[in-house]
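S.K.: This is a predicted model, with the sequence first.
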Amino acid sequence: MGGIIIFFDIMKYVRKMIEIEGVTFTYEGSSKPALSDVNLRIEEGDFLLVTGLSGSGKSTLLRLLNGLIPHFYRGKMEGRVLVDGIDTREASVASLSKKVGLVFQNPDNQIVTLRVDREIAFGLENLGFPREEIVRRIEEVLKKLRIEHLRYRPTNELSGGEKQLVAIASVLAMRPKIIALDEPTSELDPFSSARIAYILDILNREGITVVVAEHKLDLFSPFANKMIVMANGHIVEQGSPRELLYKKELMIHGVRPPSVVKLSYEYGVSENKPLTLGELLVALRGR
Ligand SMILES: Nc1ncnc2c1ncn2[C@@H]1O[C@H](COP(=O)(O)OP(=O)(O)OP(=O)(O)O)[C@@H](O)[C@H]1O
Ligand SMILES: [Mg+2]
């Protein structure tokens with residue numbers, strides 16, 4: 001009996017959160033698959049960075065995670081996606097949204113109400129949460145993202161960075177285990193981009209699994225434990241950012257290495273594989 005309990009206890013920790021198994025997806029009306037035989041495991045606590053050229057399939061991959069594919073986007077899907085052991089084809093997008101929150105590239109496509117607090121309440125109201133719980137969660141996420149001052153602001157008067165934070169807050173209000181963000185900083189200035197990266201790092205340290213499609217590798221690679229590179233609907237490279245970003249072949253897939261990587265080659269310390277300026281300085285001092 002004790003053995004069985006220990007077995008289940010261990011299984012709790014090695015459980016994969018998301019398993020993508022042999023997925024090929026072709027959008028309706030398209031002749032070429034957007035994803036081809038994609039296999040990927042995302043484990044609890046991961047911070048996964050997804051990169052690759054425009055059109056390589058990053059957004060399509062993210063749409064698999066919360067069931068938007070196959071429930072919302074029409075097309076032909078082969079293979080399967082398991083979220084916490086549940087096949088996404090057999091679950092509704094609403095039920096999956098409690099497990100996986102997806103933040104779109106452009107917050108204007110995500111924000112549907114006219115005031116910040118109402119925006120955060122929106123998803124919870126649709127799922128029939130009681131009023132007191134909704135208010136509690138609004139306060140919780142505003143505090144977590146340090147945007148309490150935005151609570152009663154009209155959403156159409158927010159800056160790009162503020163809108164992105166509100167979009168993240170609305171998703172976090174569902175208390176998902178996984179948050180996936182599609183190029184969250186593409187419309188943002190460097191300061192707001194850094195703030196998003198910093199917030200995602202904090203959320204990840206608090207136990208939320210993070211998946212980010214991004215080109216800004218300088219900013220995100222130091223926080224990620226896993227990275228994949230996509231090209232033509234395939235995952236062409238997979239590993240830790242430190243391992244991958246020092247692979248010269250990555251350039252073939254259009255991945256531009258972060259400036260720290262370029263500098264470390266220039267100064268002859270690339271064998272140390274620094275990913276941050278701090279690590280580069282340590283490597284330079286140690287020469
Ligand atoms: N809603 C859609 N309907 C039809 N085809 C689509 C749709 N969305 C994407 N595609 C196609 O699927 C392929 C993969 O696109 P996807 O948007 O996933 O790439 P991406 O890596 O996110 O690109 P980007 O960096 O430009 O956002 C492309 O050929 C694209 O034209
Ligand atoms: Mg995209």
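M.R.: Arrived safely, thanks for sending. What you see is a predicted model, and the numbers here were worked out from it, not measured in a lab. Ligands and ions are numbered 1, 2, ... in the order given.
S.K.: Next up, the contacts around V141.
M.R.: Counting by Cβ atoms under 8 Å, 6 or more residues apart in numbering, V141 touches 120, 169-170, 172-173. Any C-beta I mention is one placed from the backbone N, CA and C, and that applies to glycine too.
S.K.: Which one (most neighbours) among the residues you listed?
M.R.: Ranked by the number of neighbours (other Cβ atoms under 10 Å), the contacts of V141 place I120 first, at 28 neighbours.
S.K.: Which of the three states applies to the residue nearest to N126 when sequence neighbours are not counted?
M.R.: The spatial neighbour of N126 that comes closest, neighbours along the chain excluded (Cβ to Cβ, 6 or more residues apart in numbering), is A94 at 7.2 Å. Using DSSP: H, G, I helix; E, B strand; the rest coil, the structure places A94 in helix.
S.K.: what about the helices in the protein?
M.R.: 2-14, 58-65, 68-71, 93-96, 116-126, 131-144, 160-172, 190-205, 217-220, 241-245, 259-266, 277-285 (DSSP state H).
S.K.: Taking helix 160-172 as reference, get the angle to the fifth one.
M.R.: The one in question is helix 116-126. Angle between the axes of helix 116-126 and helix 160-172 is 30 degrees (criterion: axes from the mean of the first three to the mean of the last three Cα atoms, to 10 degrees).
S.K.: any chance of the helices of the chain in JSON lines, plus mean pLDDT and distance to ligand 1?
M.R.: Below are the helices of the chain laid out as JSON lines (pLDDT from 0 to 100; distance: least, Cβ to the nearest ligand atom, whole Å):
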{"stretch": "helix 2-14", "mean pLDDT": "60", "distance to ligand 1": "30"}
{"stretch": "helix 58-65", "mean pLDDT": "97", "distance to ligand 1": "3"}
{"stretch": "helix 68-71", "mean pLDDT": "96", "distance to ligand 1": "9"}
{"stretch": "helix 93-96", "mean pLDDT": "91", "distance to ligand 1": "16"}
{"stretch": "helix 116-126", "mean pLDDT": "95", "distance to ligand 1": "22"}
{"stretch": "helix 131-144", "mean pLDDT": "96", "distance to ligand 1": "26"}
{"stretch": "helix 160-172", "mean pLDDT": "94", "distance to ligand 1": "16"}
{"stretch": "helix 190-205", "mean pLDDT": "93", "distance to ligand 1": "16"}
{"stretch": "helix 217-220", "mean pLDDT": "94", "distance to ligand 1": "14"}
{"stretch": "helix 241-245", "mean pLDDT": "93", "distance to ligand 1": "17"}
{"stretch": "helix 259-266", "mean pLDDT": "93", "distance to ligand 1": "21"}
{"stretch": "helix 277-285", "mean pLDDT": "93", "distance to ligand 1": "27"}
